[in-house]
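Q: Everything below, folded, please.
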Amino acid sequence: MMIGWIIFAIATVLVLVVRCTDQYGFASGAALLFIYPLMLLAATATGASGSVHAYWIGIAGVVVEFLLIGSMTMLLNPGVDAGSDPCTMLPGGWQLCATPDYSAIALYCGAGLIGALIGYGIGSLLRRHLRKADPV
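A: This is a model prediction of the structure:
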């Protein structure tokens with residue numbers, strides 16, 4: 001299961017680098033919608049082929065996606081007028097708005113969750129096949 005966590009860490013670092021360097025958010029959205037769920041699938045499948053408790057990788061992946069989507073939809077740059085939205089001022093002039101985009105959160109976290117579930121299923125099948133092939 002350790003290799004699954006390593007794959008998860010690499011995928012998370014890659015998505016964080018894209019998020020921190022993407023000026024407009026298009027690459028971040030594509031990475032979170034397509035690349036991260038596939039990496040999460042690979043990480044969960046690799047972890048589940050060795051341990052039953054690999055579902056923690058999928059849960060951690062969905063939490064990371066939720067936090068990244070929150071950083072894309074709930075934070076406003078300094079100098080941006082929030083209008084009548086209930087926002088809290090953060091240090092440095094950033095604003096944290098309490099009205100997240102739930103449709104974006106459902107879409108992106110749903111994609112990651114589906115990838116993790118498929119990966120867990122594949123890993124469970126591999127674990128079962130490997131146990132039958134090598135009865136010790």
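Q: alpha carbons only for contacts and neighbour counts from here, please
A: OK.
Q: Run a quick neighbour tally on W94.
A: 16 (other C-alpha atoms under 10 Å).
Q: Please look at T73 and D101 and confirm they touch.
A: Yes: taking contacts as C-alpha atoms under 8 Å, T73 lies within contact range of D101: 6.3 Å.
Q: The two: who's more crowded?
A: Counted by other C-alpha under 10 Å, T73 and D101 do not tie: T73 has more neighbours, with 17 against 13.
Q: And that one, how far from V15?
A: Going from T73 to V15 by C-alpha to C-alpha, to the nearest Å gives 16 Å.
Q: helix or strand right after the lowest-mean-pLDDT helix or strand in the chain?
A: Taking mean pLDDT, DSSP states H and E as the measure, strand 75-76 is the helix or strand of the chain with the lowest mean score, a mean of 66. The helix or strand immediately downstream of strand 75-76 is strand 87-89, counting by DSSP states H and E.
Q: Mind listing what's buried along that following strand?
A: By 16 or more other C-alpha atoms under 10 Å, the buried positions in strand 87-89 come out as C87.
Q: Quick check: can you name the pairing partners of that strand and their directions?
A: strand 95-97 (antiparallel) (DSSP bridges).
Q: what's downstream of the partner strand, the next helix or strand?
A: Heading C-terminal from strand 95-97 (DSSP H and E), you reach helix 102-133.
Q: Just give me how far that following helix sits from the chain centre.
A: 13 Å (C-alpha atoms, centre = their mean, to the nearest Å).
Q: same thing with stretch 16-24?
A: Chain-centre distance of stretch 16-24: 15 Å, with C-alpha atoms, centre = their mean.
Q: Kindly report the same for stretch 54-74.
A: That offset, for stretch 54-74, works out to 4 Å (C-alpha atoms, centre = their mean).
Q: swap in stretch 122-136?
A: The chain centroid and the centroid of stretch 122-136 are separated by 28 Å under C-alpha atoms, centre = their mean.
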